[in-house]
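# Fold the following for me, if possible:
(one chain, ligands or ions: 1)
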Amino acid sequence: MIRAVVTGTGSALPANRVSNAELAERVDTSDEWIVERTGIRFRHIAAPHETTATLAADAAREAIAAAGLDAGQIDLIVLATATPDQTFPATATKVQAALGINDCVAFDVAAVCSGFLYAVQVADSMLRAGVHRRALVIGAETFSRILDWEDRTTCVLFGDGAGAIVLEATEEPDGRGILSTRLHADGRHNGLLYVDGGPSTTGTVGKLRMKGKEVFRHAVVNLAAVMGESLTLAGLSAEDVDWVVPHQANARILDATARKLGLAPEKVVVTVDRHANTSAASVPLALDVAVKDGRIKRGDLVVLEAMGGGFTWGAAVVRW
Ligand code: UT7
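Residues are numbered from 1 along each chain as shown. I've put the predicted structure just below:
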């Protein structure tokens, strides 16, 4: 049996960290409102020279080093983003070039905030099928570039960054690796969270639009359900979970989802306070924080989950 085992993690954040108070100088908001409604205190905002590809490449280098590999050993790059450097080529190929990998399979996955979970399932399937051996799975975004900085209901919520993992096909995984993945999409909800532009419609990049309250309501229900489904698929239950690494959209969503599953809040990795919502990057960024600070250790049972525009949502159960 082949399993895809996580052998390295990495992350990258733009140097510029922006506080709520700084934002309140630009838009009609306050630190109190943002903290109370979302738990967000800071977000990192990319400078002009920092792009989705440069952040992704920095995160990838860290993940490859943590796995003890050379970049040339990577034979698959799956990059989740809704903010690619260009409409094409795929940002994954820009990362490939930056890493000096001459030949591998490289493509992007677009599932917005759930993109990393979608990318994990795609890479896991390709590794278990024996097609590839060592994959880089990356979530990377520069949402600051698609925010309407006049719209206080959205611009305070998002940030930029990238996270990456290395997945290696392992014949004798010793119980480790990705145990299950479960994804969903429901396109009836396209209009609740979207960008009002695109190459085939307006010919522009567009700005993010969201009906936050409705997204919130769906998020709690869908995330609790899909976590339960992924655990059942793995033959496990909520009591077996050591860590939940959720999509970091809103601290209140994290609390409500954990409560619905009966999970202790201490088991939930929270980075929304310092990263805000970084879309596809949020799960691998949080994962890297909890690995580096020693919380997630070999043998731990980790559940990843995310939900975003589409709607799309998903979860994965990983034995570390
Ligand atoms: O990553 C994809 C998934 N995305 C999400 O999961 C986001 C889900 N949604 C949310 O996190 C929350 O719905 C928000 C944080 C977006 C909003 O929180 P809320 O508690 O649902 O607030 P609300 O939209 O009902 O707004 C309450 C009030 C409104 O004023 P009135 O109409 O009651 O007078 C807003 O105009 O807060 C006002 N408001 C603000 N005030 C100060 C909205 N944004 C701001 C702001 N600063 N930035």
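# For the closest residue to Ala238 other than its chain neighbours, grab the count of nearby residues.
Nearest residue to Ala238, sequence neighbours excluded (C-beta to C-beta, 6 or more residues apart in numbering): Leu261, at 4.9 Å. For the C-beta atoms, the positions are set from N, CA and C on the backbone; glycine is no exception. Leu261 has 19 neighbouring residues, counting by other C-beta atoms under 10 Å.
# How about Cys155?
Counted with other C-beta under 10 Å, Cys155 comes out at 20.
# Check whether it really touches Val27, as I assumed.
Yes. The criterion here is C-beta atoms under 8 Å, and Cys155 meets it with Val27 at 6.2 Å.
# Residues that sit against both of the two, list them.
The contact sets of Cys155 and Val27 overlap at Trp149 (C-beta atoms under 8 Å, 6 or more residues apart in numbering).
# Surely Lys213 is within a helix?
Yes. Applying DSSP: H, G, I helix; E, B strand; the rest coil, one finds Lys213 inside a helix.
# of all of the stretch 151-300 of the chain, which residue lies closest to the ligand?
Gly212 (2.7 Å; C-beta to the nearest ligand atom).
# For Asn250, see how far away that residue is.
For Gly212, the distance to Asn250 (C-beta to C-beta, to the nearest Å) stands at 9 Å.
# Tell me the residues that contact both of those two, please.
Leu157.
# Of those two, give the one with the bigger neighbour count.
For the pair Gly212 and Asn250, the greater number of neighbours falls to Asn250 (22 against 16), based on other C-beta under 10 Å.
# still on that earlier bit, can you tell me, leaving aside adjacent residues, what's nearest to the residue of the stretch 151-300 of the chain closest to the ligand?
Thr153 (6.2 Å).
# ok but the one you found is inside a helix, no?
Yes. According to three-state DSSP, Thr153 belongs to a helix.
# Show the average pLDDT along stretch 122-130.
Averaging pLDDT along stretch 122-130 gives 98.
# What of stretch 191-203?
Here stretch 191-203 scores 98 as its mean pLDDT.
# Give me the contact list for the one helix or strand in the chain whose mean pLDDT sits lowest.
Counting by mean pLDDT, DSSP states H and E, the chain has its least confident helix or strand at helix 251-261, which shows a mean of 95. Applying C-beta under 8 Å, 6+ apart, the contact partners of helix 251-261 are 37-40, 216, 219-220, 223-224, 227-228, 238, 244, 246, 248, 264-265, 267-268, 270, 272-273, 305.
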